[in-house]
Structure formats: structure tokens, C-alpha cells
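In: Okay, here's the prediction I keep looking at, along with the sequence it came from:
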Amino acid sequence: MADSAYIAGLAIRGVDVSNPPRHSAVVRITHWISALSFIGLLVSGIGILLAHPRFYWGETGGIGTPSLFDLPLPFMLGGPSGWGRYLHFQSAWLCVLNGLLYVASGFAGRHFRNNLMPARHDLAGSSIRRAFAKPDAADALRYNPIQRITYLIVIFGLFPLMIWTGLAMSPAVTSVFPVLVTVLGGHQCARTIHFVASIVLVLFVFVHIAMVARSGFRKRVGAMITGRVARGMEGL
């Protein structure tokens, strides 16, 4: 019913309902900026990780102290963490500002309500099972229930956690707002949670890319560039 109302609204505004927009300009722009900042965060994060691939729990931790777990990576003390931290900092702020623009636009334009908030029938077993099937032409114009739920969790759960734990690792920030780190249990707790959340985010991105490829890579990427599904490709 929500999709029908959306299409009817487009018709009233004179939009070609035979090929309605799949993504707004703000969604497309913020999507590609997010992709760029994610690459920067991933590359720089690996550089930082190689400088000390050990994780602890509590306030302090370092060489000679018991670790919570170690990663099977080369230990490069004083390695690429310098440029890594700079790139990570710049990419993080780009991601945060871009995310704020996306969220503000999403609420103002009712993107979350119209496109991401699942309806009651979306949570039915048949709808969930259909989400794992290869999408047909009608599915090209909307998100399936799994996508809606996952995107909402990532946008309003995982990303805020990444930002929170990232700020909690900054001595300059926590000196002004110590509650950011004390409620987590310490700086090393924040670092460990940040790492685990980043792994979940990387897995989400890989699954996202796999689902895009499965549902028609050219069609989905084209829609994220132009805003519309190319004619003749709706069911591909």
C-alpha cells in the first residue's frame, strides 16, 4: 500500500510512473561519498592495525601486558600508523558529515518512512522468504524487507556505535567528555568494540556487493548513478 501511494504521488507531480526514480539525488551522492570514505577508512584502518595487532579490555594495554586476543598479522611497531591515522581521521570526518546530510535529508524527505521503514506485511514469513529470491521487475523499484531492516540497523545502530567508539579513543575528546569512554569501560574497551564493529561493517559491505551482483550488477549500479532503472533492464 505504501508503494502504491508513493507511485500515485509521483503521478500527481507529473513524474513518469512507467519508470519512476529509484534513488533521489541526495541518496546517490551520499552513497558514493560513503563508498569513497569507506575505502579510506578500510585502508587506513589496516595500516593502524599493523602497528599493533593486539586487543585488550579495560583502560590500558600494551606490550608486556595480557591481551584479550591477538590477530595473526605482522607486528610493525612504528609502522604505517602515522599516515594511517591521518587518513583515518580525514575519512572519518568525511563519513560523519556525509552521514549527517543523508540522515537529515532522509527525515526531511521521508526517505526512511517511505523506503526503509518495513510495513507489518513485510515482516511476514512469505515476504522474508521472497527477499532471498532473485528479484523481479517490480522489486527493482523498492527495497525488500531484509534490505530495509539491515539498512536501518546499519544507519541507526552500527554507524553511531562506530562514531561513538572512535571518539572514545580520542584523548582530546574524552578529556572534555569523559563519559564517552567511561561508560564503555576504558580506552582499550572502546578500541576493541570499534574493531569488532568495523568487522561487522566490512561483512555488511561484502554481502551488500554480493546481493547487488545477484540482483543485476549493471541495473543496480546504474540506478545508483542515474537514479532510475534503465528501460529493458527491470527484470534483469
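Out: The structure has been received and is ready for your questions.

In: For the residue positioned nearest the centre of the chain, which non-adjacent residue is closest in space?
Out: Nearest to the mean C-alpha position of the chain, counting by Cα atoms, centre = their mean, stands Val154 at 5.3 Å. Using Cβ to Cβ, 6 or more residues apart in numbering and skipping residues adjacent in sequence, the residue nearest Val154 is Phe204, 5.9 Å away. Backbone N, C-alpha and C define where each C-beta goes, glycine included.

In: how about the helix or strand that contains Ile209: buried residues?
Out: In this structure, Ile209 is located in helix 187-226 according to DSSP states H and E. For helix 187-226, burial by neighbour count (16 or more other Cβ atoms under 10 Å) applies to 187-195, 197-198, 201, 211, 215-216, 219-220, 222-224.

In: What is it packed up against?
Out: If contacts are counted by 3 or more Cβ pairs under 8 Å, 6 or more residues apart in numbering; DSSP states H and E, helix 187-226 sits against helix 25-51, strand 54-55, helix 159-168, helix 179-182.

In: Now find how far off-centre it is within its chain.
Out: 6 Å (Cα atoms, centre = their mean, to the nearest Å).

In: so that helix versus helix 25-51, what angle?
Out: Relative orientation of helix 187-226 and helix 25-51, computed by axes from the mean of the first three to the mean of the last three Cα atoms, to 10 degrees: 140 degrees.

In: Dihedrals phi and psi, the residue located most distally from the centre of the chain?
Out: Residue farthest from the centre of the chain, counting by Cα atoms, centre = their mean, is Gly64 at 35.8 Å. Main-chain torsions, Gly64, degrees, to the nearest 10: phi 90, psi -10.

In: gap between it and Arg54?
Out: 11 Å (Cβ to Cβ, to the nearest Å).

In: So Gly40 is in contact with Phe89, correct?
Out: No. Proximity of Gly40 to Phe89 does not meet the contact threshold set by Cβ atoms under 8 Å, at 9.9 Å.

In: hmm, back to that, per-residue pLDDT, the residue nearest to Val154?
Out: Per-residue confidence (pLDDT) for Phe204: 94.

In: Can you name the residues that contact it?
Out: Contacts here follow Cβ atoms under 8 Å, 6 or more residues apart in numbering; on that basis Phe204 touches Thr150, Val154, Leu158.

In: what's the answer for Ile163, then?
Out: Ala92, Val96.

In: Closest one of the contacts of Phe204 to Val96?
Out: Leu158 (13.6 Å; Cβ to Cβ).

In: these two touch, right, the closest one and Leu201?
Out: Yes. Assessed by Cβ under 8 Å, Leu158 is found in contact with Leu201 at 5.9 Å.

In: isn't Arg148 right next to Arg113, touching?
Out: No. Applying Cβ under 8 Å, one finds Arg148 not in contact with Arg113, separated by 11.2 Å.

In: Looking at the two, which is more packed in?
Out: Arg148 (20 against 11; other Cβ atoms under 10 Å).

In: Look up which helix or strand that one falls in, please.
Out: helix 145-153.

In: what is the mean pLDDT for that helix?
Out: 87.

In: now swap in stretch 45-64 and tell me
Out: 89.

In: If you drop the residues flanking it in sequence, what lies closest to Leu180?
Out: Leu180's closest residue in space is Ala168 (Cβ to Cβ, 6+ apart), at 4.6 Å.

In: neighbours of Val183, just the number please.
Out: 11.

In: Quick one, which of the helices and strands packed on helix 187-226 gets closest to Val96.
Out: helix 159-168 (6.1 Å).

In: Now do the closest one against helix 187-226, angle only.
Out: 130 degrees.
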